[in-house]
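**Student:** structure of the sequence below:
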Amino acid sequence: VQLQASGGGLVQAGASLRLSCVVSSGRAFNWYAMGWFRQAPGKEREFVARISRSGGITIYANSFEGRFTISGDAAKNTVYLQKNSLKPEDTAVYYCAAKLTDSTVYTYWGQGTQVTVSS
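**Tutor:** Numbers count the residues shown, from 1 in each chain. Coordinates of the predicted model:
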């Protein structure tokens with residue numbers, strides 16, 4: 001199972017970006033939920049948002065609800081993170097992850113995509 005995150009880049013404050021995460025597997029992979037996390041320089045990794053496989057349940061960390069939107073396409077095994085009104089403090093490496101059950105453990109992780117927001 002591989003998760004490939006993409007869509008990062010260098011943008012100015014106030015801009016928008018959409019990150020994508022594609023899950024590929026040589027066998028059927030029925031993930032339960034996928035999430036986005038981020039890690040800023042010198043800080044611990046933090047949870048951003050997650051979405052259920054059906055797309056019916058989305059959960060956000062309080063800091064991001066309203067500015068970030070998570071969505072998914074289960075048929076394409078792809079999850080997106082739309083980020084609006086970006087701020088310099090949103091600069092971080094963004095990771096996608098997948099879990100197989102309703103536990104707190106994300107088993108599969110992507111390599112991360114760098115987002116840099118200039119002021």
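
**Student:** got a pLDDT number for the spatially most central residue of the chain?
**Tutor:** To find the centre residue of the chain, average its C-alpha atoms and take the closest one (Cα atoms, centre = their mean): that gives W36, at 2.7 Å. pLDDT for W36: 97.

**Student:** so how far is R27 from it?
**Tutor:** As defined by Cβ to Cβ, to the nearest Å, W36 lies at a distance of 24 Å from R27. In this view, the C-beta of every residue, glycine as well, is placed from N, C-alpha and C.

**Student:** repeat for D73
**Tutor:** 20 Å.

**Student:** so these two - more neighbours on which side?
**Tutor:** Ranked by neighbour count (other Cβ atoms under 10 Å), D73 and R27 place D73 first, with 12 against 5.

**Student:** now do the contacts for the more buried one.
**Tutor:** V79, Y80 (Cβ atoms under 8 Å, 6 or more residues apart in numbering).

**Student:** what sits opposite it in the beta ladder?
**Tutor:** Beta-bridge partners of D73, counted by DSSP bridges, are T78.
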